[in-house]
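1. okay, structure incoming, though there's no sequence with it:
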């Protein structure tokens, strides 16, 4: 089988992945390590991830620390990374509402610091993990295309994800730092831990495996564009290679809608959970009844084409939960007294 050029490109490279212990970050780190990178540096403070999720490869260096810590930033940039994949963030909407100042520090100032160090270090590509669930607001026409942006955002997380894109624009045009803005949509897959501020799929699987009813906020007719982590990783690898991506923003999505009630039923069926579902009041910030992204620009610029069906991706995720149940159960974090602790988060 012929190895694609964008896979060969990473051989011998030194790469920094912030947030590399998370679901997307750990899968990206593994892919880069297996593609023969000279060194993959993971910087993660483990505030929403687990150390055991970082791949144990000889060319992976794990550094526990914050993107706000100057000492840790100097340490990782001393290694001379060729590329930076900036995935670290305070995730996500409800977390930002509960902790708006921390959200601004991590997602705003943290991104600014990363871009400053990347510029000074002469990094060849700075790939920023943006959020399609955030940038477009609640009234954008579907399917969502990159030309539409909204100032009518409903959470600090959405605001700071937009801020990160604007910082990328600034560094691109003022300092010629080659930046790429990849907008993720409802990522899911092996590697994502359940928890108070996590996504609906890992939480649904977690509760189903515990024999609990799955809580749906709203009617269940709401849709989301769920994107398998393997497809997002492939999109990121392409974003770090193709010159056409520089200075651009594009969606990394599946381009398909799935109803939340269908998702819940599929998970209960796969897990064998007979507790069913229950309905709860919609969160105030959750203003989107549907989400569907266009991936036309990503296809044109970098050849992105999602290859994993939702059924296959969900099956892989459930299998990962079963194989890793003990550490997952130990790492699951559901704090008392906060609304998102008992509700499944859709986006």
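-> Done, it's in. Here the structure is a predicted model, which is why all the values come from computation and not from measurement.
2. which residues outside stretch 245-253 are in contact with it?
-> 125, 130, 132, 144-146, 165, 172, 178-186, 225, 227, 231-232, 235-236, 238-239, 293-295, 297-298, 301-302, 304, 306 (CB atoms under 8 Å, 6 or more residues apart in numbering). Glycine gets a C-beta too; all of them are placed from N, C-alpha and C.
3. try 6 Å this time
-> Stretch 245-253 has contacts (CB atoms under 6 Å, 6 or more residues apart in numbering) with 132, 146, 172, 178, 180-185, 225, 227, 232, 235, 239, 293, 295, 297-298, 301-302.
4. determine how far it lies from the middle of the whole chain.
-> 14 Å (CA atoms, centre = their mean, to the nearest Å).
5. over to stretch 87-105?
-> Relative to where its chain is centred, stretch 87-105 has its mean C-alpha point 14 Å off (CA atoms, centre = their mean).
6. give the buried residues for it.
-> 87-100, 103-105 (16 or more other CB atoms under 10 Å).
7. what's the distance between residue 53 and residue 259?
-> Applying CB to CB, to the nearest Å, the value for residue 53 to residue 259 is 30 Å.
8. for stretch 167-174, the distance to its chain's centre please.
-> Counting by CA atoms, centre = their mean, stretch 167-174 comes out at 22 Å from the chain centroid.
9. which parts of the stretch 201-347 of the chain are helices?
-> Here the stretch 201-347 of the chain has its helices, by DSSP state H, counting those that start in this stretch, at 229-239, 260-271, 296-302, 310-323, 325-331.
10. nearest to residue 77, out of the ones you listed?
-> Closest to residue 77 of the helices of the stretch 201-347 of the chain is helix 229-239 (CB to CB; 20.0 Å).
11. tell me the angle the closest one makes with helix 310-323.
-> 110 degrees (axes from the mean of the first three to the mean of the last three CA atoms, to 10 degrees).
12. now residue 191, nearest residue through space, not along the chain?
-> Computed as CB to CB, 6 or more residues apart in numbering, the closest residue to residue 191 that is not its neighbour in sequence is residue 23, at 3.9 Å.
13. ok, residue 87 next?
-> Closest to residue 87 by CB to CB, 6+ apart is residue 19, at 3.7 Å.
14. that neighbour: how many residues sit nearby?
-> Applying other CB atoms under 10 Å, we find 26 residues neighbouring residue 19.
15. so how far is residue 163 from it?
-> 17 Å.
16. mind listing what the residue nearest to residue 87 touches?
-> Counted by CB under 6 Å, 6+ apart, residue 19 has contacts 25, 44, 87-88.
17. in helices, which of the buried residues of stretch 87-105 fall?
-> Among the buried residues of stretch 87-105, the members found in helices (DSSP state H) are 93-98, 100, 103.
18. turn the residues you listed into TSV, including distance to residue 75 and pLDDT.
-> What follows is those, written out as TSV (distance: CB to CB, whole Å; pLDDT from 0 to 100):
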residue	distance to residue 75	pLDDT
93	32	87
94	32	88
95	27	91
96	28	93
97	33	93
98	30	92
100	29	96
103	25	97
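19. rewinding a little: pull the most distant pair out of the contacts of residue 19.
-> So for those, where distance means CB to CB, the most widely separated pair is 44 and 87, at 9.1 Å.
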